[in-house]
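# coords please:
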Amino acid sequence: MSKYRPPKTAVPGASSTPRERADDEQRIAKLLARAGIASRREVERMIAEGRVARHGVVIDTPATILASLDGVTVDGNPVAAPADARLFLYHKPSGLLVTERDPAGRPTIYDRLPAGLPRLVPVGRLDLNTEGLLLLTTDGELKRQLELPSTGVERAYRARAYGPVTQEQLEELIHGIEIEGVRYGSINANLERRTGANVWIEMILTEGKNREVRRVLEFLGLKVSRLIRTRYGPFLLDDLPPGDIGEVRAHDVAAFRKDPKRILQPERIKGARPEARTVAEPAAPPAARPQRTPRAAPRPQPVRITRAVANDSDKAAFAEPRRQGIVVAKAPKVKRFYDAKPKAAVPAVASPARGPDGRPARVFNPELGRNVRAKTPRATAPASESSARPTSTRTSASGPGTARPTGDRPAPRPAKPRPPRTRK
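Numbering: from 1, shown residues only. Next comes the predicted model:
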């Protein structure tokens with residue numbers, strides 16, 4: 001007798017005997033969760049309540065394996081085939097719970113998400129006081145792929161803590177650590193900076209256990225006052241404002257599912273309001289190198305005019321005259337012997353007119369009341385020359401001791417005898 005028993009209700013298309021599952025066959029709870037009906041646990045409760053049927057036959061076990069959702073209805077409504085997986089980036093503020101509902105009535109992320117979004121499930125969880133990047137997806141399989149430690153998806157955190165710590169202590173975390181019987185994997189921790197008694201530490205890990213970052217830092221004697229998740233795999237928080245959400249492009253999601261460790265292109269993420277970024281991917285080498293185009297002449301750089309340059313320019317402009325752009329330099333003046341000023345010339349004396357006999361002509365003298373012969377004026381030398389001219393004494397015929405000046409004075413003409421005047 002076989003130890004396996006067939007289900008109580010035969011479901012058309014469902015496997016009634018255990019067999020090897022095909023690649024395209026999955027549990028009905030998983031298919032309905034991927035279709036966005038509800039979570040797996042919620043779908044199992046719906047199946048137990050008899051709300052799920054296929055071709056009119058109620059399904060009473062969540063272990064039913066199906067290849068597709070053809071003919072499956074929930075509350076009498078047909079279930080559409082699951083759409084492509086969608087991934088959203090949400091900047092979770094501090095003070096919100098990552099849960100659908102809270103018995104204590106505390107605010108949750110679903111109370112702050114904008115309206116019009118599909119049903120989203122969080123990838124992992126962030127504590128009440130932890131802020132930063134939170135991934136939300138419509139696909140349970142993508143959620144599982146992102147959460148599994150075996151996938152090797154990295155999570156990056158920035159923590160502000162109070163207390164003394166050294167880089168050597170943080171480097172020891174690369175080998176893992178065990179705290180109260182819980183083994184934590186390798187953690188890449190680096191000391192960013194110190195601000196007074198606080199320190200900022202960057203930590204990169206691949207497991208993401210419950211309160212892992214806080215417990216490890218508290219084990220080192222630090223008190224965490226702020227914790228921010230900045231990256232999840234290739235998806236970055238970047239400049240996404242707190243409380244806003246953005247959607248990852250479909251081809252980036254497909255590329256990540258094929259290779260979770262692949263670095264995606266830094267393209268904008270389309271969303272309701274904000275935009276986010278992914279990690280930059282190194283550009284692929286071009287197939288053919290384009291032909292180099294001639295480089296344009298560089299634009300002249302503007303000259304920075306300082307006070308010293310302006311002063312020198314002003315001095316040059318006012319010191320040297322400029323004519324049509326040519327600087328005319330002043331030649332230095334050299335004093336030469338022929339540049340001396342000429343001496344004051346003795347004014348020329350007009351000689352009186354002479355008669356046919358060579359004697360000066362007669363002119364009327366008003367004092368005498370008759371015509372007299374004009375006298376030749378005597379040229380007078382400058383006072384300086386006359387005073388400087390030496391004088392000599394000689395003995396005249398009148399007697400010894402009589403001084404007579406000598407010089408360049410011409411000798412007087414001998415007087416000619418006048419003809420006798422006869423009266424008529």
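# which strand of the chain spans the most residues?
Longest strand in the chain, counting residues (DSSP state E): strand 223-232.
# In the stretch 251-400 of the chain, where is pLDDT below threshold?
Scanning the stretch 251-400 of the chain for pLDDT under 70 picks out 261-305, 317-352, 375-400.
# Model confidence at L173, what's the number?
What the model reports as pLDDT for L173 is 91.
# Count the neighbours of G176 for me.
Neighbours of G176 under the rule other CB atoms under 10 Å: 12. Using the backbone N, CA and C atoms, a C-beta is placed for each residue, glycine as well.
# As a check, name the ranges of all helices in the stretch 101-250 of the chain.
140-147, 167-171, 212-219, 250-258 (DSSP state H, counting those that start in this stretch).
# For those, give me a markdown table that also has distance to K30.
Below are the helices of the stretch 101-250 of the chain laid out as a markdown table (distance: least, CB to CB, whole Å):
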| stretch | distance to K30 |
| --- | --- |
| helix 140-147 | 7 |
| helix 167-171 | 41 |
| helix 212-219 | 28 |
| helix 250-258 | 16 |
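# Looking at those helices, spot the one closest to R231.
Among the helices of the stretch 101-250 of the chain, the nearest to R231 by CB to CB is helix 140-147 (12.6 Å).
# name the helices or strands packed onto the closest one?
Judged by 3 or more CB pairs under 8 Å, 6 or more residues apart in numbering; DSSP states H and E, the packing partners of helix 140-147 are helix 28-34, strand 121-123, strand 130-137, helix 250-258.
# Same list (the helices of the stretch 101-250 of the chain) but as TSV, adding distance to F88 and mean neighbour count.
Compiled in TSV, the helices of the stretch 101-250 of the chain are given as follows (distance: least, CB to CB, whole Å; neighbours: other CB atoms under 10 Å):
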stretch	distance to F88	mean neighbour count
helix 140-147	11	18
helix 167-171	33	13
helix 212-219	23	19
helix 250-258	10	15
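# thinking again about what came up before, just tell me which of the helices and strands packed on helix 140-147 ends up closest to R307.
R307 lies closest to strand 130-137 among the helices and strands packed on helix 140-147, at 51.1 Å (CB to CB).
# Not counting the closest one itself, show me its contacts.
85-94, 98, 109, 120-124, 126, 143, 146, 157, 226-232, 235-237, 240, 242, 245 (CB atoms under 8 Å, 6 or more residues apart in numbering).
# can we see that at 6 Å?
With contacts defined as CB atoms under 6 Å, 6 or more residues apart in numbering, strand 130-137 is touched by 87-88, 90, 92-94, 120, 122-123, 126, 143, 227-229, 232, 237.
# Just the buried subset of the residues you listed, written out for PyMOL, thanks.
To isolate the buried ones among these in PyMOL, judged by 16 or more other CB atoms under 10 Å, type:
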select buried, resi 87+88+90+92+120+122+123+126+143+227+228+229+232+237
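# and which of the contacts of strand 130-137 is nearest V79?
The shortest approach to V79 among the contacts of strand 130-137 belongs to L120, at 18.4 Å (CB to CB).
# ok, now how distant is the closest residue to R86 other than its chain neighbours from G116?
Nearest non-adjacent residue to R86, counting by CB to CB, 6 or more residues apart in numbering: T138, 4.6 Å away. The gap separating T138 from G116 is 14 Å, by CB to CB, to the nearest Å.
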